[in-house]
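Enquirer: what would the 3D arrangement of this be:
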Amino acid sequence: MKDKVIRLSPPQLLVVTFIFFSTLGMFLLKLPFATEDGITMLDALFTSVSAMTVTGLVVVDTGSVFTLFGEVVIMILIQVGGLGIMSFAGLIFMMLGKKIGFKERLLLQQALNQTSVGGVIKLVKYLFVFSFIVEGTAMVLLAFKWVPEYGWGRGLYVSLFHSISAFNNAGFSVWSDSLMGYVGDPLVNIVISALFIIGGLGFTVLVDLYQTRSFKKFSLHTKLMVWGTLFINMAAMILIFLLEYNNPGTLAPLSLFDKLQGAYFQAVTPRTAGFNTLDYGSMERDTLLLTILLMFIGAGSASTGGGIKLTTFLVITMSAFAFLKEKREIRVFHRTIDEKHIFKALAVSMMSIFLIFLSLLIMNNSEKGASFLSILFEVVSAFGTVGLSMGITGTLTDIGKSVLIVVMFIGKLGPLTLAFSLSRPDKEKIRYPKEDILTG
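Expert: Model (predicted):
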């Protein structure tokens, strides 16, 4: 009797592969020479998942707890998690001259969140070439700042670490206060923010921008991402500048130019980047609520970032306006958005809200010493794979850490990917009569 072969669907294989690499990272970080004085298994798993999901939440200080080996492991996990496990597998296949079959292309399509398998191989090639060029260029630029401060060896290393961390929207830093020491440094602010904004746009958008170079010819997705990113970033910057202007714990002590830099950086970093130049524990409650919304929205599809995705938020918003105007279709830039994308946006949003609510319910009981707002901030940060914190991550209980590990995991893979990996396709073709219900 032949053994049954276990066949996994693309979503299932993505989940299994991700769990495998996260577990491998945990064991590597648990090695005696990976840390200065040891680390618990749960903390090692938390750090590994945080790196693989490019979140950046830390339960132990990266720079002081981990050795060079441990930091390099984290850096590799960030790169693999940010660009995608399946993308690296595709690169290896191409380098070995192996043929990439239809099943592998389906996996790449799922991993890169594409609508079809066509062009995924070319997208992977562009992804790696572009990523390494951008990270290398940023490393050189940051070296002008950090080599004079730390010397050639250390300066180049921290430049590389932060370039990879920023481009992949990870938010890991070798300093315990992230980038708060550089709130008034234009070079660090511009290079780091440019990295995570570019990484957060999505590789599909970047390829379209490079190949088309004409706004009229851009795809609808690219147009929405570009305009949406510009509008949200500018609006968030203005609001944070006004809300924090007189706050003695954030912008008040700074010069006008540094205030603008601080407001700008804190406006763009919640889009899943995780770095901060101001102390979130000292911010106004209104600013924190705005940040929570930005973290929930997240970056772009097929990007290194998380969240429900900007286009998902835009589709839901446009659906609401279309309904209020009694329109039957969503029209934007002389195009109509397909109904299936509206259903998908609603499904992603509702599953995300349910996940956050359930996590909040558990942690509100396990983390008795933390405020409700700080717990909500932490949960949404984990879901959006952002990495920002009000300072409670290191004090979490084992239950709290375990909840955030699951939230980071689902936030990175996406609620729908996990749902598809657990569900069976519905093959029913029976249609029933329609009937109205009362809503609203």
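
Enquirer: residues of stretch 346-359 that come out buried?
Expert: Using 16 or more other C-beta atoms under 10 Å as the test for burial, stretch 346-359 gives 348-349, 351-352, 355-356, 359. Placement of C-beta: from N, CA and C, glycine included.

Enquirer: quick one, strands of this structure?
Expert: Per DSSP state E, the chain carries strands over the ranges 331-332, 335-336.

Enquirer: the first one pairs with which strands, and in what direction?
Expert: Taking DSSP bridges as the criterion, strand 331-332 pairs within the sheet with strand 335-336 (antiparallel).

Enquirer: OK, contacts around residue 392?
Expert: Residues near residue 392 by C-beta atoms under 8 Å, 6 or more residues apart in numbering: 367, 370, 374-375, 378.

Enquirer: repeat that with 10 Å
Expert: 281, 363, 367, 369-371, 374-375, 377-378, 400 (C-beta atoms under 10 Å, 6 or more residues apart in numbering).

Enquirer: take these and keep only those in helices.
Expert: Counting by DSSP state H, the part of the contacts of residue 392 found in helices is 363, 374-375, 377-378, 400.

Enquirer: could you dump the residues you listed to JSON lines with pLDDT and distance to residue 51?
Expert: Compiled in JSON lines, the ones in helices among the contacts of residue 392 are given as follows (pLDDT from 0 to 100; distance: C-beta to C-beta, whole Å):
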{"residue": "363", "pLDDT": "97", "distance to residue 51": "22"}
{"residue": "374", "pLDDT": "96", "distance to residue 51": "23"}
{"residue": "375", "pLDDT": "97", "distance to residue 51": "23"}
{"residue": "377", "pLDDT": "97", "distance to residue 51": "21"}
{"residue": "378", "pLDDT": "97", "distance to residue 51": "17"}
{"residue": "400", "pLDDT": "97", "distance to residue 51": "19"}
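
Enquirer: which one of these is nearest to residue 23?
Expert: Of all these, residue 400 has the smallest distance to residue 23: 20.6 Å, by C-beta to C-beta.

Enquirer: list just the nearest of the buried residues of stretch 346-359 to residue 21.
Expert: Nearest to residue 21 out of these is residue 355 (C-beta to C-beta; 22.0 Å).

Enquirer: my read: the closest one touches residue 404, true?
Expert: No. Taking contacts as C-beta atoms under 10 Å, residue 355 lies outside contact range of residue 404: 11.7 Å.

Enquirer: out of the contacts of residue 392, which are buried?
Expert: 363, 367, 370, 374-375, 377-378, 400.

Enquirer: pick the one among those closest to residue 293.
Expert: Nearest to residue 293 among those is residue 377, at 11.3 Å by C-beta to C-beta.

Enquirer: how about the nearest residue to the closest one, chain neighbours excluded?
Expert: The shortest distance from residue 377 to any non-neighbouring residue, by C-beta to C-beta, 6 or more residues apart in numbering, is to residue 390 (5.2 Å).

Enquirer: what of residue 395?
Expert: residue 369 is the one closest to residue 395 (C-beta to C-beta, 6+ apart), at 6.9 Å.

Enquirer: pLDDT score assigned to that neighbour?
Expert: Residue 369 is assigned 88 on the pLDDT scale.
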